[in-house]
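Engineer: For reference, the sequence and a predicted model appear below.
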Protein chains: 2
Amino acid sequence: MAIGEIKELPKSWAMLGGDGPESYTQNSSYQKGVVDASMEMVDDGIMEKLDLKSLGFESTNDTFRIADFGCSVGPNTFFAVENIMKAVERKHLAQFNNSAALSGFQVFFNDVTTNDFNTLFKALHSNEKYFSAGVPGTFFGRLLPRSTLHFAHSSYCLHWLSKVPKEVLDSESPAWNKGSIQCDGLKKEVTKAYSAQFQSDMNTFLKARAQEIVGGGLMVIITGGLPDGVLMSQAGIGMYYDLLGSCLINSVEAKPWRLKKS
Amino acid sequence: MAIGEIKELPKSWAMLGGDGPESYTQNSSYQKGVVDASMEMVDDGIMEKLDLKSLGFESTNDTFRIADFGCSVGPNTFFAVENIMKAVERKHLAQFNNSAALSGFQVFFNDVTTNDFNTLFKALHSNEKYFSAGVPGTFFGRLLPRSTLHFAHSSYCLHWLSKVPKEVLDSESPAWNKGSIQCDGLKKEVTKAYSAQFQSDMNTFLKARAQEIVGGGLMVIITGGLPDGVLMSQAGIGMYYDLLGSCLINSVEAKPWRLKKS
């Protein structure tokens, strides 16, 4: 296979499972930093915006249901949902002065079917204070019944598109992205193709969550971004990906037989 | 380690995962037969006993929630829950003449944490007509929020006790079960110890499900049994286990170094 003849790519990727030295579990301190940095904002958002009275928690003893979309194998998902639970309990206390008791929590851990749920489940604390369930499937689609979720969370996942836009894989297209493994922002047609894909994916994600979340529920989305006018190729992470991309292409050019053999 | 000095046993076992030649997936045709044999009774039970009106399905568009306790890795769990769904749809049609629409189904697949959920999730049909979730943990305990389940199912699982009664592992006890890997029914004290363990486990199982199932919900338990007066050692399966047990003990006695090395 020569460069330029790119075959169909898999439809979904999962982080490397297990808990070995190369696993996501052992290599997700950056993502943990993102969760840590957002904690205070999440706490404040719950205190200000979450109205447990309008959700019916004063009169009924319903279970508060949380989902983490794109949870991977842990441990960051556990920190994130435990922080949400603590904030909801604080809000409950503030709103009802402990006159009504929260029945408890149920947490849905979602990621693509190829995610390592075995490792995730083994890492769940056995003395956990909440009911847990794993939900396999892409979050670019419905995953839970209508109006059943009180809090949706997704941290550092929505930059994963559902697919690479087909134009950037087509060497005949003006959006052909030869020489780059990312949308570096230098070619207008490539940017447009990636932007359209992101828009379509976000639309699908939001429509699905809108059906799953109860009226008055909350959603927190944590995702990377760049200020207007800054190209991906000008940002630190963008430079890193360009370097990684050129290394990958060099290694393919230097050893083409490896690909021919496969 | 000599025979008689049995160390602490693991608290839960799971069926062999994956889908290789020795996997549960490839070696569960007997259990499939059990599911098949029970289908008609399950259908009849749903038609006769499940009152969707009293469950509120005429006025609300709730999702019908099913759990399979002790689901293993498939594929039997899929046959079982799909059969339940078809029967519920038939009952819905019979009860409401299609005037109200069932919102859909959510299925909770439960087994111990060491179950191979990765294989289970990969085997789920991508075009499935229900929302699915994996629930890790022993069914001898609460797994789901209070009053959220409409149908509980457990096929060929409740013969797995939560633990081996400690008396049968104690060489000083009159219930010491030396020479048998099962309760063959020949020694009164052993039978009593196993019976007490089963009674305690069933009690725990039923109490947990009683909290999880909504009022008017149904439960189906399919489990093996023997007629009164028939000992395990007189039944075909009992003879098989006795033979297997003696083979295991012979192989340990013939090669004690294997255990000493571990």
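Structural biologist: Sure thing, it's come through. These numbers come from a predicted model, not from an experiment.
Engineer: Can you list the neighbours in contact with the strand or helix carrying A:Glu40?
Structural biologist: In this structure, A:Glu40 sits in helix A:29-49 according to DSSP states H and E. Identification of contacts with helix A:29-49 by C-beta atoms under 8 Å, 6 or more residues apart in numbering or on different chains yields A:75-76, A:79-80, A:83-84, A:87-88, A:90-91, A:94, A:155-156, A:218, A:220, A:222. From N, CA and C alone the C-beta is placed, and that goes for glycine too.
Engineer: and it, which residues are buried?
Structural biologist: A:31, A:34-35, A:38, A:42-43, A:45-46 (16 or more other C-beta atoms under 10 Å in any protein chain shown).
Engineer: How far does it sit from its chain's centre?
Structural biologist: Mean-position distance between helix A:29-49 and its chain equals 15 Å (C-alpha atoms, centre = their mean, to the nearest Å).
Engineer: related to what we said a few turns ago, out of the contacts of helix A:29-49, who's nearest A:Ala101?
Structural biologist: Among the contacts of helix A:29-49, A:Val88 lies closest to A:Ala101 (C-beta to C-beta), at 12.9 Å.
Engineer: would you turn the buried residues of helix A:29-49 into TSV with pLDDT and distance to A:Gly185?
Structural biologist: Below are the buried residues of helix A:29-49 laid out as TSV (pLDDT from 0 to 100; distance: C-beta to C-beta, whole Å):
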residue	pLDDT	distance to A:Gly185
A:Gln31	78	24
A:Val34	77	22
A:Val35	78	27
A:Ser38	85	26
A:Val42	93	30
A:Asp43	93	34
A:Gly45	94	31
A:Ile46	96	35
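Engineer: Now do the same for the strand ranked longest in chain A: mean pLDDT, whole number.
Structural biologist: Ranked by residue count under DSSP state E, the longest strand found in chain A is strand A:213-222. Across strand A:213-222, the average pLDDT comes to 96.
Engineer: Now do it against helix A:29-49, angle only.
Structural biologist: 140 degrees (axes from the mean of the first three to the mean of the last three C-alpha atoms, to 10 degrees).
Engineer: And strand A:213-222, what does it pack against?
Structural biologist: Here strand A:213-222 touches helix A:29-49, strand A:149-155, going by 3 or more C-beta pairs under 8 Å, 6 or more residues apart in numbering or on different chains; DSSP states H and E.
Engineer: If you average pLDDT over each of those, which is lowest?
Structural biologist: Lowest mean pLDDT of the helices and strands packed on strand A:213-222: helix A:29-49, a mean of 86.
Engineer: hey, C-alpha coordinates of that helix in PDB?
Structural biologist: Coordinates of the C-alpha atoms in helix A:29-49 are reproduced here as PDB (Å, rounded to 0.1, in the frame of the first residue of the first chain):
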ATOM      1  CA  SER A  29      -2.300  12.400  34.100                       C
ATOM      2  CA  TYR A  30      -2.900  15.200  31.600                       C
ATOM      3  CA  GLN A  31      -6.600  14.300  31.300                       C
ATOM      4  CA  LYS A  32      -6.700  14.100  35.100                       C
ATOM      5  CA  GLY A  33      -5.300  17.700  35.200                       C
ATOM      6  CA  VAL A  34      -8.200  18.700  32.900                       C
ATOM      7  CA  VAL A  35     -10.700  17.100  35.400                       C
ATOM      8  CA  ASP A  36      -9.000  18.800  38.300                       C
ATOM      9  CA  ALA A  37      -9.000  22.200  36.700                       C
ATOM     10  CA  SER A  38     -12.700  21.900  35.900                       C
ATOM     11  CA  MET A  39     -13.900  20.700  39.400                       C
ATOM     12  CA  GLU A  40     -14.500  24.200  40.800                       C
ATOM     13  CA  MET A  41     -16.500  25.300  37.800                       C
ATOM     14  CA  VAL A  42     -18.600  22.100  37.900                       C
ATOM     15  CA  ASP A  43     -19.200  22.600  41.700                       C
ATOM     16  CA  ASP A  44     -20.200  26.200  41.100                       C
ATOM     17  CA  GLY A  45     -22.400  25.200  38.200                       C
ATOM     18  CA  ILE A  46     -24.300  22.600  40.200                       C
ATOM     19  CA  MET A  47     -24.800  25.000  43.100                       C
ATOM     20  CA  GLU A  48     -26.100  27.800  40.900                       C
ATOM     21  CA  LYS A  49     -28.000  25.900  38.100                       C
END
